[in-house]
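**Q** from the sequence below, what's the structure:
(2 chains)
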There are 2 protein chains.
Amino acid sequence: MERVSDLGEFGLIGRLTRFFKNDDPSIIRDFGDDAAFVRLGDRLLVLTVDALVEGVHFLGFYPPVSVGRKLAAVNASDAAAKAARPLYALVNLGLPPETPLPYAEGLYEGLAEGARRYGFSVVGGNTTAAPALCLDLSLIAEAKRPVFREVPRPGLSIFVSGTLGDSRAGLELLLEFYEREKPSSFFPSPEDLFEAAGFGDRERFLVKRHLEPVARTDLIPVVGEKAVASMDVSDGLLSDLKKLSPRFAVRLEVSELPLSRELVEFCSERGRDPRLYALLGGEDYELLVASGEDLSPFGFTKIGEVLNEEGPKVVDERGRPLEGEGFDHLIRPR
Amino acid sequence: MERVSDLGEFGLIGRLTRFFKNDDPSIIRDFGDDAAFVRLGDRLLVLTVDALVEGVHFLGFYPPVSVGRKLAAVNASDAAAKAARPLYALVNLGLPPETPLPYAEGLYEGLAEGARRYGFSVVGGNTTAAPALCLDLSLIAEAKRPVFREVPRPGLSIFVSGTLGDSRAGLELLLEFYEREKPSSFFPSPEDLFEAAGFGDRERFLVKRHLEPVARTDLIPVVGEKAVASMDVSDGLLSDLKKLSPRFAVRLEVSELPLSRELVEFCSERGRDPRLYALLGGEDYELLVASGEDLSPFGFTKIGEVLNEEGPKVVDERGRPLEGEGFDHLIRPR
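**A** Coordinates of the predicted model:
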């Protein structure tokens, strides 16, 4: 019998969402974007749900307050990508009965902090026993206009906020620490973890980018005014560029990828190419925006252009496809 | 270190929700009810989330289509209890990679059927790997006025819709079948399960009440017009009565509890008292309503009254508290 693992995440989603045939005219967009858009009276609501599961998205030794903050951030990031202000959230928490109470409290403390930071209220929830820790948040946000994920035409410039690849480097540092020390319990705070791991400033920066990513709700006005298409970078830039522009090829200025000093130093010490971290890393939670205007004055870096050529395809400055062997000219991680 | 199991579900919820201090004046009600109420423009939105976890709320051999239908029903039931029309939902699905694809499809097929039945649209979702099957649904509904859970004053009559206790009897039948046959795979449909288990009409009725409860969205107009307080019966009537009326004692007419013919026959064959199933069973998903009017013409049964006496407390017709030894006058299950 076919298993869900045979299809992969996106194949599975395609197979499952076909059961939902929505003909309600108030639904502007349902599946296939970072969030759904529905009209309710004179309001445009943006609805999204995201989950964190122990062993899949985080490990048991992570500070619970960080996991809670991240849950708020990954959901607020979907809203920000749609230029939508987060308003209300519902939280669902599944936890093994033997979970230490301070752990559960840390999760909610972090979530409450995140909610305050991004300006939404957690108004309800559900708590249930479960074989493993799993949390998910459903967020209701409000937008002035629908900003979809897909690039509708060639000729647009592509921008990304912040820096890319840090989160992946931070994850590697966390996993190296885990392999080395096999911590048997959770750390109450990021500071406790950083001290136990002996992380210096550079490592702290990178690990924090993974443990507690920041949703770019500060960029909502820019996205709302200037984006033609927008999404957040969660699976990795290269994969996400193909989702942003499935119909048209994209030329990526690999030399323009925004990199933090910390990532460059981390890679230089390890003999790796930071551009690979930026291209393939994932969980950056920066915004990836296509626009006809110049967004560089607003904290964005221009990284490419939408070509008048069939997609999905990403090529570098010299037209070489960026996939598989196309990476040969970049130094591969050892 | 204290564990979450030391507190129990309600103690835990109390400990965790204190992190959320909502001062947004658009929030009419947050925690401590079947759903949250928020005002958005001229609309009154009702928000709720509920989860089903394998091994906790259902077993692996249950037909996935039934689990999907139940997920829709338990959420729609919360909305119905608040006299709110379900509009939009987000689904979060965590599933082990080795899950058979037809199983995952069955879950979504059942959920889609439930959504159509209760008139809402599943507009988005999230799918993730997880160590065990877990699903949750967040529902946005709309009400004309807020109907809260708590009885505000004595003198009101208490009504319940439908019949009580069937679900518990159905669960026992399912568990007996499981103990007897130890089915190693899931049944594609309820019919397949009923045949394998050799269930006759009576058993089918009871098992179906557990496998695929029906949310009483048909009663939304009655609740909206006539309820002073309302909730659905999910934990069991006795426990839920104390949540409906925490400030005032309730007199319950035990002889008036609405019982199905099927439950009475089931109990009579086993030498049990069906009233205990009705009082303690749980997962009935019928509506429990306090009102100053007579709701018996609308499919409700009057089962008691709110007393001018301190609560939470439930007494029977002769004033005997219904808890612990108070059950001595009812025949206990063997």
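**Q** now the strands for the stretch 151-300 of chain A?
**A** Using DSSP state E, counting those that start in this stretch, the strands found in the stretch 151-300 of chain A span residues A:157-161, A:229-232, A:248-252, A:287-291, A:300-310.
**Q** pretty sure A:Arg209 sits against A:Ser167.
**A** Yes. With contact defined as Cβ atoms under 8 Å, A:Arg209 counts as touching A:Ser167 (4.9 Å). (Each C-beta comes from the backbone N, C-alpha and C, glycine too.)
**Q** shared neighbours of those two, anything?
**A** Counting by Cβ atoms under 8 Å, 6 or more residues apart in numbering or on different chains, the shared contacts of A:Arg209 and A:Ser167 are A:Asp284.
**Q** I'd like the distance between A:Leu173 and chain B.
**A** To chain B, A:Leu173 is 23 Å away according to Cβ to the nearest Cβ, to the nearest Å.
**Q** can you pull the contacts of that residue?
**A** Going by Cβ under 8 Å, 6+ apart, A:Leu173 touches A:Ala197, A:Phe199, A:Glu203, A:Leu206, A:Val207.
**Q** quick one: pLDDT of it?
**A** Per-residue pLDDT puts A:Leu173 at 98.
**Q** just to check, A:Val264 is in contact with A:Pro274?
**A** Yes. With contact defined as Cβ under 8 Å, A:Val264 and A:Pro274 form a contacting pair (5.3 Å).
**Q** quick one: contacts for the closest residue to chain B within the stretch 151-300 of chain A?
**A** Per Cβ to the nearest Cβ, A:Ser185 is where the stretch 151-300 of chain A lies closest to chain B, at 9.2 Å. By Cβ under 8 Å, 6+ apart, the contact set of A:Ser185 is A:Phe61.
**Q** tell me the helices in chain A, going along the chain?
**A** Assigned by DSSP state H, the helices in chain A fall at A:8-17, A:64-81, A:101-118, A:166-181, A:190-197, A:201-211, A:220-226, A:237-244, A:261-270, A:274-280.
**Q** so which of those helices gets nearest A:Ser138?
**A** Shortest distance between A:Ser138 and the helices of chain A, using Cβ to Cβ, is found for helix A:64-81: 7.9 Å.
**Q** that closest one - contacts with which helices or strands?
**A** Where contact means 3 or more Cβ pairs under 8 Å, 6 or more residues apart in numbering or on different chains; DSSP states H and E, helix A:64-81 is packed against strand A:43-53, strand A:84-95, helix A:101-118, strand A:134-143, helix A:220-226, strand A:229-232, strand A:287-291.
**Q** contacting residues around the residue nearest to the spatial centre of chain A?
**A** The centroid of chain A falls nearest to A:Ser234 when counting by Cα atoms, centre = their mean (3.0 Å). By Cβ under 8 Å, 6+ apart, A:Ser234 lies in contact with A:Val74, A:Ser77, A:Asp240, A:Gly282, A:Glu283, A:Asp284, A:Tyr285.
**Q** show me how to select, in PyMOL, the buried members of those.
**A** In PyMOL, this line selects whichever of those come out buried by 16 or more other Cβ atoms under 10 Å in any protein chain shown:
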select buried, chain A and resi 74+77+240+282+283+284+285
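**Q** just flag the most distant two among the contacts of A:Ser234.
**A** A:Val74 and A:Asp240 (14.1 Å).
**Q** save the contacts of A:Leu173 as JSON lines, and put in pLDDT and neighbour count too.
**A** JSON lines is the format used below for the contacts of A:Leu173 (pLDDT from 0 to 100; neighbours: other Cβ atoms under 10 Å in any protein chain shown):
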{"residue": "A:Ala197", "pLDDT": "97", "neighbour count": "20"}
{"residue": "A:Phe199", "pLDDT": "98", "neighbour count": "20"}
{"residue": "A:Glu203", "pLDDT": "98", "neighbour count": "20"}
{"residue": "A:Leu206", "pLDDT": "98", "neighbour count": "27"}
{"residue": "A:Val207", "pLDDT": "98", "neighbour count": "25"}
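**Q** pull the most distant pair out of the residues you listed.
**A** A:Ala197 and A:Leu206 (11.8 Å).
**Q** for the residue lying closest to A:Ser296 once chain neighbours are set aside, list the residues it contacts.
**A** Once flanking residues are discounted, A:Ser296 sits nearest to A:Lys302: 5.8 Å by Cβ to Cβ, 6 or more residues apart in numbering or on different chains. Contacts for A:Lys302 (Cβ under 8 Å, 6+ apart) come out as A:Ser157, A:Ile158, A:Phe159, A:Glu253, A:Glu256, A:Asp294, A:Leu295, A:Ser296.
**Q** show me the beta-bridge partners of A:Lys302.
**A** In this entry, A:Lys302 is beta-bridged to A:Phe159, by DSSP bridges.
**Q** quick check: it vs chain B, distance?
**A** For A:Lys302 relative to chain B (Cβ to the nearest Cβ), the value is 31 Å.
**Q** check A:Gly110 too.
**A** Note on A:Gly110: its distance to chain B, by Cβ to the nearest Cβ, is 9 Å.
**Q** now the lowest-mean-pLDDT helix or strand in chain A: buried residues?
**A** Within chain A, no helix or strand scores below helix A:8-17, which has a mean of 84 by mean pLDDT, DSSP states H and E. Buried residues in helix A:8-17, counted by 16+ other Cβ under 10 Å: A:Leu12, A:Ile13, A:Arg15, A:Leu16, A:Thr17.
**Q** angle of it against helix B:101-118?
**A** Angle between the axes of helix A:8-17 and helix B:101-118 is 40 degrees (criterion: axes from the mean of the first three to the mean of the last three Cα atoms, to 10 degrees).
**Q** what comes into contact with helix A:8-17?
**A** A:Val4, A:Leu7, A:Asp30, A:Phe31, A:Gly32, B:Leu93, B:Leu101, B:Ala104, B:Glu105, B:Tyr108, B:Gly125, B:Thr127.
**Q** now the fourth one. Its backbone dihedrals?
**A** I take that to be A:Phe31. Note on A:Phe31: its backbone torsions stand at phi -80, psi 170 [degrees, to the nearest 10].
**Q** excluding its backbone neighbours, what's nearest it?
**A** Leaving aside its sequence neighbours, A:Phe31 sits nearest to A:Thr17 (Cβ to Cβ, 6+ apart; 4.4 Å).
**Q** now that neighbour: how far from B:Val123?
**A** Using Cβ to Cβ, to the nearest Å, A:Thr17 is found at 10 Å from B:Val123.
**Q** what's the first-to-last distance across stretch A:283-300?
**A** 18 Å (Cα to Cα, to the nearest Å).
**Q** centre of the chain to that stretch, how far?
**A** Distance of stretch A:283-300 from its chain centroid, counting by Cα atoms, centre = their mean, to the nearest Å, is 14 Å.
**Q** before we move on, back to that, closest one of the contacts of A:Ser234 to B:Arg216?
**A** For the contacts of A:Ser234, the nearest to B:Arg216 is A:Val74 (35.6 Å; Cβ to Cβ).
**Q** what's opposite the nearest residue to that closest one once chain neighbours are set aside in the beta bridge?
**A** Nearest non-adjacent residue to A:Val74, counting by Cβ to Cβ, 6+ apart: A:Asp50, 4.7 Å away. Counting by DSSP bridges, A:Asp50 is bridged to A:Leu137.
**Q** need the contact list for the closest residue to A:Ala132 other than its chain neighbours.
**A** If the residues on either side of it in the chain are set aside, A:Ala132 comes closest to B:Pro131, at 4.3 Å by Cβ to Cβ, 6+ apart. Listed by Cβ under 8 Å, 6+ apart, the contact set of B:Pro131 reads A:Val53, A:Gly55, A:Pro131, A:Ala132, B:Pro96.
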